[in-house]
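J.: prediction below, plus the sequence it came from.
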Amino acid sequence: MKHEPVPADMTEQEMRDQAGIAAVQAWRRSVVRLWIVTMIAALAFWALLSALPVPPIAEMASTAVLLLLVGFSIWNVRRGKCPRCKARIRFRPRIELPRACPNCDAPFVAARDDVP
């Protein structure tokens, strides 16, 4: 993980905002990665069940594992909180992070990432 130097003229609130942005961005990356893994696992599960004769106990076990992975992915999305007001972050339908907290307007996107 790269650490950027902190400018001397940053206030304490700006430093907390930068740390909060980094935490929210790390959480967003983990959400996206986990959903990608979940979708790949679901496709592999479907392909395996379609292509091979699988015993019913193996099918039930793999279904349980897949459901646990989906449940963990949903929990991972729901655990994200604003670093300033601790309100839950709501994703839009495309798993897109809002630019700021709707409650306290804390930024979730650093100024350098705020390019349209």
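T.: Received, thanks.

J.: how much space separates the closest residue to Arg28 other than its chain neighbours from Asn103?
T.: Counting by Cβ to Cβ, 6 or more residues apart in numbering, the nearest residue to Arg28 once its immediate chain neighbours are dropped is Leu97, at 4.9 Å. C-beta: built from backbone N, CA, C; applies to glycine. For Leu97, the distance to Asn103 (Cβ to Cβ, to the nearest Å) stands at 15 Å.

J.: among these two, which residue is more densely surrounded?
T.: Leu97 (18 against 12; other Cβ atoms under 10 Å).

J.: what about the more buried one, which SS state?
T.: Following DSSP: H, G, I helix; E, B strand; the rest coil, Leu97 is assigned to coil.

J.: what's Lys81 sitting at in phi/psi?
T.: When read as degrees, to the nearest 10, the backbone of Lys81 gives phi -130, psi 150.
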